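Enquirer: quick one, fold the following:
(chains A and B)
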Protein chains: 2
Amino acid sequence: MLTPILDGTNRRPLYEQLYRHIRGEIEAGRLKAGTRLPSKRTLAAHLKVSVVTVEGAYDQLLAEGYLRSEPRRGFFVQAEAQPPRPAPPAPAPLQGEPARPAFRWDFSTGGVDTALFPFSTWAKLMRQVLSEQEDRLLSAPHPQGVAELRQAIAAHLYRFRGIQAHPDQIVVGAGSETLIGLLVQLLGRHGAYGVEDPGYAKTHRILTSCGARVEPIPLDRQGLRVEALEARQVRVVHVTPSHHFPLGIIMPVPRRQALLRWAAGGPERYVIEDDYDSEFRFSGRPIPALQSLDGGGRVIYLNTFAKTLAPSLRVSYMVLPPALAERWRREFWFYSSTVPSFEQYALARFMEGGQFERHLNRTRTRYKARREALLAAARDCGLLEAGSFSGGEAGLHLLLWMDRRWSEAELVERAAQAGVGLAPLSACDLSPTPSQRPPALILGYTRIDAREMAPALARLKRAWGF
Amino acid sequence: MLTPILDGTNRRPLYEQLYRHIRGEIEAGRLKAGTRLPSKRTLAAHLKVSVVTVEGAYDQLLAEGYLRSEPRRGFFVQAEAQPPRPAPPAPAPLQGEPARPAFRWDFSTGGVDTALFPFSTWAKLMRQVLSEQEDRLLSAPHPQGVAELRQAIAAHLYRFRGIQAHPDQIVVGAGSETLIGLLVQLLGRHGAYGVEDPGYAKTHRILTSCGARVEPIPLDRQGLRVEALEARQVRVVHVTPSHHFPLGIIMPVPRRQALLRWAAGGPERYVIEDDYDSEFRFSGRPIPALQSLDGGGRVIYLNTFAKTLAPSLRVSYMVLPPALAERWRREFWFYSSTVPSFEQYALARFMEGGQFERHLNRTRTRYKARREALLAAARDCGLLEAGSFSGGEAGLHLLLWMDRRWSEAELVERAAQAGVGLAPLSACDLSPTPSQRPPALILGYTRIDAREMAPALARLKRAWGF
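Expert: Numbering: from 1, shown residues only, chains lettered A, B, ... in the order given. The predicted model follows:
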C-alpha cells in the first residue's frame, strides 16, 4: 500500500493520488480494520512528499470515515465505511508442509531434553557479552568464526577427543548442513561422495542437492566396507565412526586404519568424520578419532552443539587439515561467518569457564539413567523375548530388532496409534531394504523421562502383542 | 592427550599406561606448564577406568614433579621437570588470510556505523526473550524461520515496500550468501545465471562455487540490459534494481517491466531482486519493487538486516513466489533453519514493537547528514573540478568519477598512503574493464562521521593533487 506510484505530472494533485490509493487498499480489504498507518512524518519521509500532502490525504480519509485518529497513538483503519464487498481471497497457507504428529511418548532422535539446558547460566553469559563487547559484537565476525570460540573448541577437542587442532584449522558454521554444503564447494564435485547405507538420509539429500554425485556404501558389523569405496570410485566419504547412525556401530581401530589407508591411496581423497554424538558414551573406552589417527591430512572432523546444547543454537564446526584450511582461506574467504557474534561469544565463555564440561557431565548422567530405565522396562515387560537391542554403547539412541510377526511399517503404525512415536530402520536405507533383514526400530531416548519408559513400553506391548 | 589407547591386555597396568601417556605429552611440550588437567572423576568417567587408576597415574606424576596439586582447584602441569628439550614446532598460523589494512578514514561499503545500533533496546529484548520463551527457544525453529519473525517481516514489507507476501512465502536464513546457495539448489543448475557487470563480485563467486554457470550481463544507464539475457541463455538473473551496486542506478519502471516480460517469456525463468539497501533512499519517490509489479510468480525478493542493523546478526530473508515456496516445502523441508531462535524472536519483537521503524528513521537521518557532509566537503575542497559523483539518490555509497590524471589503481594507492581507504570501480568488473571508462571510486559513507569528511577529502586533495 504505502508505495504507490505518485506522479507529479498527473492532473490529480499528489494528496489525492495518495488518498485514492489508500482508499483502494481499504476497500479491497488489503488494509484491514484496526491497522495502524505510519505517522504523517514517517510516510512523508518515505514517499518524499511534504507532510502537507500526507495530511491532505489522511484528512480526506478521516472525513470519509476510512480512518480514525487516536490522540498520541496515530491513525487507524476504521471498519469499512462502504457496505462490505467481497474481499479478495486471503493467500492460503501453502501446501507441502509435512504434518508433524505429536506423540505422547516421542522416541525420535532429532531433539534434546530442553529441561537440561543451563538456561540461567546461558542468560547470564548473554547479558555479559551484550554489556561488555558492544563494538566487537557488531562488526562482521571472522569468516571462520570468532577467535575466542575457535580457541575454546580447540582446547575442548584436545582434552576430550585427543584431537590436535590449531584454531586456524577450525571453521564455525550455522549447523552441520551448512558446513557440508561448504565442503562440497571446497572439495569439488568430481568423483563420487560415499555415504553410509543405511545412514543419515539427510546427508545424502544435502550432498545431492549441492550438486555432488552420491554413492551409498554398504556396511558390515565393523562399519563402512572400505573395499566398496574403490569399486564405486568414491573420492570423499562421510562416516560416523564414533557411533554409526542408526546402527550404533563403533568402528574398531583396524577398520579406521583401513579407511585412512584408502584415503592416502589416491589424490584428493577425503574422509568427513561426523562425530555428531561422540560426547555420549556409556561403556567401553574411547576410541581415538579418525582425525587423531590420520597422519596424511585427509580427515575433516565435523561436530555440532545441537546434541550437547540445543538444536536451536545452530552452531557446528569442522576441523580442516592444514592444507585444506589454507585452500579455504585462499578461495572461500569471501564467505561471511554464518553464526551471529552473540552466540559465538556466549558459547566461547560457556566453554572457557568449564560450564560446558559440567553440562556434558550432567546430561550424560541423565541420559544414561534414561537408557537404563528403557532397558529395564524392556526386560520387565517381556519385550526382550520378542526383540533385542543393539548399538547402545554410545550415543543417544538404541536399535530395537524385532521378530517377524509384524513388518516395520506395521510396528511403526501400531505404535503410533498407541501414542508412541518411533522411526523404522528402513527410513535410513538408501538402497532397497534387504528382504532377509528383521524389522528394526530406532529409539532415541532424549525426550522421554526415565519414569515414562515403563508406561511407554506397556503401550507397545499392547500394540505389538508380544 | 586425554584419549590414549588404554589396553587391558597390555602387561603394563592401566594406571602406568595413563601415567606414561601424560608424561609423554608434557615432555613433548603439547601439555604446557600451567594447564589444568581434568579432575580424577571426570577423567575416570571419560576413560571408563576407575578413579583409582587415574589416582595412581596422577600420584606418580605428582611424585615426579610433572604435576602440582592445588587445593580445591585441581591438578596443573608443572614447569617441565626435565631439562627443557626442544619443543615440537607449534602449528604455524596458516597462510592465505588476506591482510586487512586499517585506514584512518574508511570508505569501504561492508559495514555499518555500530554506534547507531540500539544496544540497550536489543539487550532488553534478548533478556525478555530469554526469560519468557524457554521452551520455544530450545526446540529446532521452523525450517523457514519462526512464525513471529516471518509475520513481522511480511507486515514490514507491506507497509514500506508495497510487497504483499504471506509469511508462508518467507524463508529466513543466515545471510544472503546462505540464501543464494539455497536458491541454486531450489532453482537448479540448468541454463545460466546472469549477474550484473559491473556488480557485486561476491555474488558471481557464490553462484559459481555452488555449481551454477554464471554469465555477466552488461548495463546501460537504466541498469541491466535485458536483451542480453536472451542472447546468453540466461534462465535466472540476480539484480539490484533499487540501487545498483556499485553504480547506484535506480532501475526505471519501463526497464523493470521489460525484465518481467523476459521472465514471463520462458519456462522456469526467475529474477532474484536483491534489495540490499533499499531502506536508504534520500531523494526521489520510491519505485515499486519488481516483486510487487510481478504478476507471474517469477520474482524472488531478497533482503538483509546486515545494512539496517548489523552484519554480525547474520539474518537475511527471501520471499518466494507461492509455487516456488511450495516446491521448497516439498523438496527442501529437510533443511534446518540456519538462524538461532534467540535472534529470530528478538528481531521479531524489535519489528513488532515499532523499534525497527524508529531505528531506520534515525539511521537514515544520520547517513543522510554524512552524505551531505561528504558532498559539501567535495565542493569546498575543489574535488568537483576534477571529478563528479553519481548514484547517490539511494543506498549507502556514492560513485566518484575522476578525470584521467591518474589510473584507478594509482588513485587507490595514493589514497591508501594518505590513510584513506576506498575501492576502485574495477573491483566490481566481471569482464575486462572498458578502456574508455574514466577512473571511478566507490565511497561508502557509513563508517565516517560527518565532521571527518572534510579532513578526509583534504587528505585526498594532497594525495591526488587536484
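Enquirer: so what does the longest strand along chain A touch, helix or strand wise?
Expert: The longest strand of chain A (DSSP state E) is strand A:213-220. When contacts are defined as 3 or more C-beta pairs under 8 Å, 6 or more residues apart in numbering or on different chains; DSSP states H and E, strand A:213-220 packs onto strand A:192-197, helix A:201-209, helix A:227-231, strand A:234-239. Every C-beta, even on glycine, is put in place using the N, C-alpha and C of the backbone.
Enquirer: of these, which is nearest chain B?
Expert: Closest approach to chain B among the helices and strands packed on strand A:213-220 (C-beta to the nearest C-beta): helix A:201-209, 4.6 Å.
Enquirer: just send the helices and strands packed on strand A:213-220 back as CSV, with mean pLDDT too.
Expert: Below are the helices and strands packed on strand A:213-220 laid out as CSV (pLDDT from 0 to 100):
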stretch, mean pLDDT
strand A:192-197, 98
helix A:201-209, 96
helix A:227-231, 95
strand A:234-239, 98
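Enquirer: between these, which one is nearest to A:Val172?
Expert: Each of the helices and strands packed on strand A:213-220 has some distance to A:Val172 by C-beta to C-beta; the shortest is helix A:201-209, at 18.2 Å.
Enquirer: tilt between the closest one and strand A:192-197?
Expert: 160 degrees (axes from the mean of the first three to the mean of the last three C-alpha atoms, to 10 degrees).
Enquirer: related to what we said a few turns ago, list the pairing partners of the longest strand of chain A within its sheet, with orientation.
Expert: strand A:192-197 (parallel), strand A:223-224 (antiparallel) (DSSP bridges).
Enquirer: pick the most deeply packed of the ones you listed.
Expert: Among those, strand A:223-224 has the highest mean neighbour count (mean count of other C-beta atoms under 10 Å in any protein chain shown), at a mean of 26.
Enquirer: just say helix, strand or coil for the spatially closest residue to A:Met318 that is not a sequence neighbour.
Expert: Leaving aside its chain neighbours, A:Met318 sits nearest to A:Leu302 (4.7 Å; criterion: C-beta to C-beta, 6 or more residues apart in numbering or on different chains). Under DSSP: H, G, I helix; E, B strand; the rest coil, the three-state class of A:Leu302 is strand.
Enquirer: please verify my assumption that A:Leu302 contacts A:Glu177.
Expert: No: between A:Leu302 and A:Glu177 there is no contact under C-beta atoms under 8 Å: 10.7 Å.
Enquirer: quick check on the residue of the stretch 151-300 of chain A found nearest chain B: phi, psi?
Expert: Closest approach between the stretch 151-300 of chain A and chain B, counting by C-beta to the nearest C-beta: A:Gly162, at 3.1 Å. Backbone torsions for A:Gly162, taken as degrees, to the nearest 10, come to phi 60, psi 20.
Enquirer: show me the contacts for the closest residue to it other than its chain neighbours.
Expert: Nearest residue to A:Gly162, sequence neighbours excluded (C-beta to C-beta, 6+ apart): B:Thr3, at 3.1 Å. Taking C-beta atoms under 8 Å, 6 or more residues apart in numbering or on different chains as the criterion, B:Thr3 is in contact with A:Phe160, A:Arg161, A:Gly162, A:Pro286, A:Pro288, A:Ala289, A:Ser292, B:Leu47.
Enquirer: got a pLDDT number for the first one?
Expert: Right, the one you point to is A:Phe160. Listed pLDDT for A:Phe160 reads 84.
Enquirer: and for it, the neighbour number?
Expert: 21 (other C-beta atoms under 10 Å in any protein chain shown).
Enquirer: and for the fourth one?
Expert: For A:Pro286, the number of neighbouring residues by other C-beta under 10 Å comes to 21.
Enquirer: residue of the stretch 301-450 of chain A with the smallest distance to chain B?
Expert: For the stretch 301-450 of chain A, C-beta to the nearest C-beta, closest residue to chain B: A:Arg329, 3.2 Å.
Enquirer: double-check that that residue belongs to a strand.
Expert: No: read with three-state DSSP, A:Arg329 is helix and lies in no strand.
Enquirer: and A:Ile442, what element?
Expert: strand A:440-444 (DSSP states H and E).
Enquirer: remind me what the helix or strand that that strand is followed by packs against, helices and strands.
Expert: Where DSSP H and E defines the elements, the next helix or strand beyond strand A:440-444 is helix A:453-464. Applying 3+ C-beta pairs under 8 Å, 6+ apart, one finds that helix A:453-464 makes contact with strand A:105-106, helix A:355-380, helix A:408-417, strand A:420-421.
Enquirer: check what contacts the last one and list those residues.
Expert: Among residues not part of strand A:420-421, those counted as contacts by C-beta under 8 Å, 6+ apart are A:Pro101, A:Phe103, A:Arg104, A:Trp105, A:Asp106, A:Phe107, A:Ser108, A:Ala415, A:Ala456, A:Arg459, A:Leu460, A:Ala463.
Enquirer: spell out which strands sit alongside it in the sheet and which way each one runs.
Expert: Partners of strand A:420-421 in the sheet, by DSSP bridges, are strand A:105-106 (parallel).
Enquirer: between whichever strand or helix holds A:Trp122 and helix A:355-380, how many degrees?
Expert: When elements are assigned from DSSP H and E, A:Trp122 belongs to helix A:119-132. If you take the same axes, to 10 degrees, helix A:119-132 sits at 160 degrees to helix A:355-380.
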